[in-house]
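> whatever this is, show me its structure:
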Amino acid sequence: MDISILLNEIKKNSIETFNEIDSWFDKQEVIREYKPRNGGWSINQVLEHIGLTNHFLLILIDKGANKALQNISKFDLENELTNYIFHRDKLTEVGLHQSFNWIRPEHMDPKGKKSLSEVRAQLTEQLEKCLNYLELLKNGEGVLYKTTMSVNSLGKIDVYEYIYFLAQHGNRHITQMEKNESEYRNLEKPIA
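Numbers count the residues shown, from 1 in each chain. Now for the predicted structure:
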């Protein structure tokens, strides 16, 4: 496998996802604060949730990156890359809103403790961290350490898959925010 092609794909996907998420901060406040009829979160709450989830995923990514770098002397990186399989299909499912039942931990629920500008800054910083990890592990080292991910029965995934997962989680919530905005706009239409 040409790891540079995969890393460029993950980088591009991460940048596009974070840029799309960032655009939601510029929506009208009334749209961002609207809570859907099904009792779901407002867009502001979704944005906060993405930042919270990323925070905890980045803790795992940081530990995984450090362990992967320590494992360079224990594994034959070239051999590991030759036999490497990136689980794109199962990871891509993570990005599809309501594609499977997802029970998130309570500590990832939005609490409204951060201002919108703080959440936006947090997300910008989180993208930089993801890009820095991809640069740090640019030779394929990210395949040398795996951690169990229970979501969607993914099992053990490596550092690159965690970064891709993080972006896919963002994509999942972009769809949710689009649905919120659409529902709000349909409520605003005058009834003929």
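> can you report phi and psi for the residue most central in space within the chain?
For the chain, the residue nearest the mean C-alpha position is residue 166 (2.3 Å; Cα atoms, centre = their mean). Torsion angles at residue 166 (phi, psi; degrees, to the nearest 10) stand at phi -60, psi -50.
> swap in residue 146?
Here residue 146 shows phi and psi, under degrees, to the nearest 10, equal to phi -130, psi 150.
> use 8 as the first number from now on
Will do, 8 is the new start, and the previous item becomes residue 153.
> list the residues that contact the residue lying closest to it once chain neighbours are set aside.
Nearest in space to residue 153, with sequence neighbours left out and distances taken as Cβ to Cβ, 6 or more residues apart in numbering, is residue 163 at 3.9 Å. No exception for glycine: its C-beta is placed from N, CA and C like everyone else's. Contacts for residue 163 (Cβ atoms under 8 Å, 6 or more residues apart in numbering) come out as 153, 154, 155, 156.
> list buried residues within these.
For the contacts of residue 163, a burial check counting by 16 or more other Cβ atoms under 10 Å picks out 153, 156.
> of the contacts of residue 163, closest to residue 185?
Nearest to residue 185 among the contacts of residue 163: residue 156, at 25.6 Å, using Cβ to Cβ.
> that closest one bridge partners, please.
residue 162 (DSSP bridges).
> where does pLDDT dip in this structure?
Residue ranges of the chain with pLDDT under 70: 8, 104-112, 159, 195-199.
> before we move on, back to that, just to check, the residue nearest to the centre of the chain is in contact with residue 64?
Yes - counting by Cβ atoms under 8 Å, residue 64 is a contact partner of residue 173 at 4.8 Å.
> count of neighbours near the closest residue to residue 84 other than its chain neighbours?
In space, and not counting its chain neighbours, residue 84 is closest to residue 147: 5.7 Å by Cβ to Cβ, 6+ apart. For residue 147, the count of nearby residues is 22 (other Cβ atoms under 10 Å).
> next: residue 171.
Residue 171 has 26 nearby residues by other Cβ under 10 Å.
> other SSEs contacting the helix or strand hosting it?
Here residue 171 sits within helix 166-195, counting by DSSP states H and E. If contacts are counted by 3 or more Cβ pairs under 8 Å, 6 or more residues apart in numbering; DSSP states H and E, helix 166-195 sits against helix 10-30, helix 36-40, helix 50-77, helix 95-101, helix 123-143, strand 153-156.
> what lies in contact with the last one?
If you take Cβ under 8 Å, 6+ apart as the criterion, strand 153-156 is touched by 67, 70, 71, 162, 163, 164, 165, 168, 169, 172.
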